[in-house]
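In: Quick one, what's the 3D model for this:
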Amino acid sequence: MFDTLSSKLQTVFRNLGSRGTISEKDLDEALRQVRLALLEADVHFKVVREFVAHVREKAEGADVTKSLTPAQTIIDIVRQELVEVLGSGQARLEHARTPPTTVLLVGLKGAGKTTTAAKLALHLRKEGQKPLMVSADPGRVAAAEQVQALGKQLNIATYVDAAERRPERICKQALEEAKRQAATVVIVDSMGYVQLEPEELKDLVELKRALDPDEVLLVADAMTGQEAVHAAEAFNAAVGLTGLILTKLDGDARGGAALSIRSVTGVPIKFVGTGEKTDALEAFYPDRFAGRILGMGDILTLIDKAKEEYTDEEAVSLAERMKKGSLTLEDFLDQLQRVQKMGPLSQVLSMVPGMSQLKAKMPNAEIDESHIKRIEAIIYSMTKEERRRPDIIDGSRRRRIAAGSGSTPSDINRLLKQYQEARKLMQMMASGRGQKLASLLRQ
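Out: Predicted coordinates:
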């Protein structure tokens, strides 16, 4: 979502970095460019004004014009201010002293509350919780059926009552069911709204009063820009929000809502949706997010994702084989498939420090997700011996593999070359920085 903003900010910093020293005029021009970049990203004008003022104040206090590394100093100040705007530290989900913890999801129609309820339930189950999803939106056609379908898909308990028309009654019965099932978290998918007048929100206010939830989380579509900010203000005034879940952060919108919503409302962002799959929900870390915006990557989130895909034994075994350079084509395919599970390739690569700068030098380069499917088809067309000893693949074997995978012999040559380069790179990583990464995976 922040590719355009990130690119423009990095251009500003590169221009500063090309100078040995920075004058007051250079600083003024840099801050003007930062201001324009933020406004074009649809960040609220008040947030932009305060942001630039704070950066200027800190820059003058640090006397960057006399600094040995003025560009780096300004980048660090901008990063610090971004972290402040986004909320300083991580805002965790509050849990009730006596289970179950109740979480009420609110939002506009079409914001993705029901899907987000399933994502949140799956996220909490991974943390050791036992969630129960509740459909409390009797006015929407097939709302209960959607909750049930998601629950069945993820093997997560649900509670619906298609006959009951009062949301507060549904929730009261759901809490009793949660106690019977020993559920530790109850996630309530409430009614969606189009109008945000106090009279329209009366039913939601009543539901909140009856449920008395531990958390009231607004599910806001980040692609709607300032409309998401206005919605947050209205819902916060009506029911008192405790947190925000921003969805569709994998989209191509300008993303100003993510940088505005916390400053304008004072409500912390607790989770972000990063894709359509049910596992595409991340806890929100302001410092990591700021790093992504500035093109610094997000290695900690990448490690968190990797931990979900690798056991301790697998991480150690992989590191050893990488060091010896003994990875086979089976290993090569396995790594590609695991990376795919972490999310879209472009999103995963954006977490690698320096990758955004590399991409900027290749503006026409796109991550082709279908390329992995072609690699899978080629490797699956090989015999087990060929996967483990690719050096035995001669001309006749290439033709057979190409015919079996719907590719050409030149495609086979290209894959084998990529495999050899990847194996060398992994061996180099394992002998240096890769060892550090493997140790982090084992922590």
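In: SS state for residue 218?
Out: Reduced to three states with DSSP: H, G, I helix; E, B strand; the rest coil, the structure at residue 218 is strand.
In: Correct me if wrong: it contacts residue 235.
Out: Yes - here residue 218 lies in contact with residue 235, judged by CB atoms under 8 Å, at a distance of 5.2 Å. Using the backbone N, CA and C atoms, a C-beta is placed for each residue, glycine as well.
In: Looking at these two, which is more packed in?
Out: residue 218 (29 against 26; other CB atoms under 10 Å).
In: For that one, give the beta-bridge partners.
Out: The residues listed as beta-bridge partners of residue 218 by DSSP bridges are residue 106, residue 244.
In: Relative to residue 243, how far out is it?
Out: For residue 218, the distance to residue 243 equals 8 Å [CB to CB, to the nearest Å].
In: Spit out the residues that contact the two alike.
Out: Overlap of the contact sets of residue 218 and residue 243 (by CB atoms under 8 Å, 6 or more residues apart in numbering) consists of residue 267.
In: anything in contact with each of residue 218 and residue 235?
Out: Residues within reach of residue 218 and of residue 235 at once, by CB under 8 Å, 6+ apart, are 106-107, 241.
In: pLDDT check: weakest of the residues you listed?
Out: The lowest pLDDT within these belongs to residue 107, which sits at 93.
In: That one reaches residue 224, doesn't it?
Out: No - counting by CB under 8 Å, no contact exists between residue 107 and residue 224, whose distance comes to 10.8 Å.
In: if you count what's nearby, which of these two comes out ahead?
Out: residue 107 (26 against 19).
In: gap between the more buried one and residue 245?
Out: Counting by CB to CB, the gap between residue 107 and residue 245 amounts to 9 Å.
In: Common neighbours of those two, please.
Out: By CB under 8 Å, 6+ apart, the residues touching both residue 107 and residue 245 are 218-220.
In: Among the residues you listed, which one sits closest to residue 335?
Out: Distance to residue 335, by CB to CB, is smallest for residue 219 among the shared contacts of residue 107 and residue 245, at 34.1 Å.
In: contacting residues around that closest one?
Out: With CB under 8 Å, 6+ apart as the criterion, the residues that contact residue 219 are 105-107, 111-113, 116, 245, 247.
In: That one and residue 123, how far apart?
Out: The gap separating residue 219 from residue 123 is 14 Å, by CB to CB.
In: same question, residue 62
Out: Residue 62 sits 39 Å away from residue 123, going by CB to CB.
In: Looking at those two, which is more packed in?
Out: A direct count of neighbours by other CB under 10 Å for residue 62 and residue 123 places residue 123 higher, at 19 against 15.
In: Quick check: the more buried one vs residue 50, distance?
Out: Taken as CB to CB, the spacing of residue 123 relative to residue 50 amounts to 32 Å.
In: got it, and residue 116?
Out: Distance, residue 116 to residue 50, using CB to CB: 30 Å.
In: which of those two has more neighbours?
Out: Looking at residue 116 and residue 50 with other CB under 10 Å, you find the greater number of neighbours at residue 116, namely 24 against 15.
In: my guess is the more buried one meets residue 276, correct?
Out: No - using CB under 8 Å, residue 116 is not in contact with residue 276; the gap is 11.4 Å.
In: Excluding chain neighbours, what is closest to residue 196?
Out: The shortest distance from residue 196 to any residue that is not its chain neighbour, by CB to CB, 6 or more residues apart in numbering, is 3.9 Å, and that residue is residue 234.
In: helix, strand or coil for the one you found?
Out: With three-state DSSP as the basis, residue 234 sits in helix.
In: and if you look at residue 187?
Out: Residue 187 falls in the strand class when you classify it by three-state DSSP.
In: Give the bridge partners for it, please.
Out: On the basis of DSSP bridges, residue 187 takes part in beta bridges with residue 103, residue 133.
In: Pull the number of nearby residues for it.
Out: If you count neighbours by other CB under 10 Å, residue 187 ends up with 29.
In: Distance check, the residue nearest the centre of the chain against residue 202.
Out: The residue lying closest to the centre of the chain (CA atoms, centre = their mean) is residue 274, at 4.0 Å. For residue 274, the distance to residue 202 (CB to CB) stands at 34 Å.
In: How about residue 43?
Out: According to CB to CB, residue 43 and residue 202 sit 33 Å apart.
In: of those two, who's got more company?
Out: A direct count of neighbours by other CB under 10 Å for residue 43 and residue 202 places residue 43 higher, at 26 against 11.
In: For the more buried one, pull up the helix or strand it's in.
Out: Residue 43 is located outside every helix and strand, with elements delineated by DSSP states H and E.
In: how many other residues sit next to the closest residue to it other than its chain neighbours?
Out: Here the nearest residue to residue 43 in space, its sequence neighbours aside, is residue 256; by CB to CB, 6+ apart that works out to 4.1 Å. By other CB under 10 Å, the residues close to residue 256 number 25.
In: is it true that residue 256 touches residue 227?
Out: No - counting by CB under 8 Å, residue 256 sits too far from residue 227 to count as a contact (10.7 Å).
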